[in-house]
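> Below are the sequence and a predicted model for it; my questions follow.
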Amino acid sequence: QVQLQESGPGLVKPSQTLSLTCTVSGMSITGNYYSWHWIRQPPGKGLEWMGAIAFSGSTYLNPSLKSRTAISRDTSKNQFTLQLTSVIPEDTARYYCVREVKYEGMDYWGKGTPVTVSS
């Protein structure tokens, strides 16, 4: 059974860097044809795709967030990480990590972790 679990600080101050980690169990994040995504949902708003890291290690970022976003992975821990720099209150959201199967779509989601940006 594949499981994804987000972890990170629930509260971040404006201008700081937010770091979130997704720990994957049940399979390797380097498995062929899988990509690993970060998606967020601000309160009362829709889902926003932030970016992804593919099984190859290549990353893909939302152009609107690209200047502040980085996604990396630690294969020894089977984790991938989101870093969002210079956070602002508008970055307040529930952040999800998600698995995508190539040609099939996103199928496994973490429960999400709430992040509030406030001084």
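Everything's here; your move. Numbering: from 1, shown residues only.
> need the contact list for the residue nearest the centre of the chain.
In the chain, the centroid-proximal residue (Cα atoms, centre = their mean) is residue 38; its distance is 2.7 Å. Listed by Cβ atoms under 8 Å, 6 or more residues apart in numbering, the contact set of residue 38 reads 20, 22, 49-52, 71, 82, 95-98. From N, CA and C alone the C-beta is placed, and that goes for glycine too.
> let's go with 10 Å and repeat that
Residue 38 makes contact with 6, 20, 22, 48-53, 61-62, 65, 69, 71, 80-82, 84, 95-98, 110 under the criterion Cβ atoms under 10 Å, 6 or more residues apart in numbering.
> For it, give the beta-bridge partners.
residue 51, residue 97 (DSSP bridges).
> What pLDDT is listed against it?
Residue 38 is assigned 98 on the pLDDT scale.
> quick one: it and residue 119, what's the gap?
Distance of residue 38 to residue 119, given as Cβ to Cβ, to the nearest Å: 24 Å.
> now the strands for the chain?
3-7, 11-12, 18-25, 34-41, 48-54, 59-61, 69-74, 79-84, 93-101, 105-109, 113-117 (DSSP state E).
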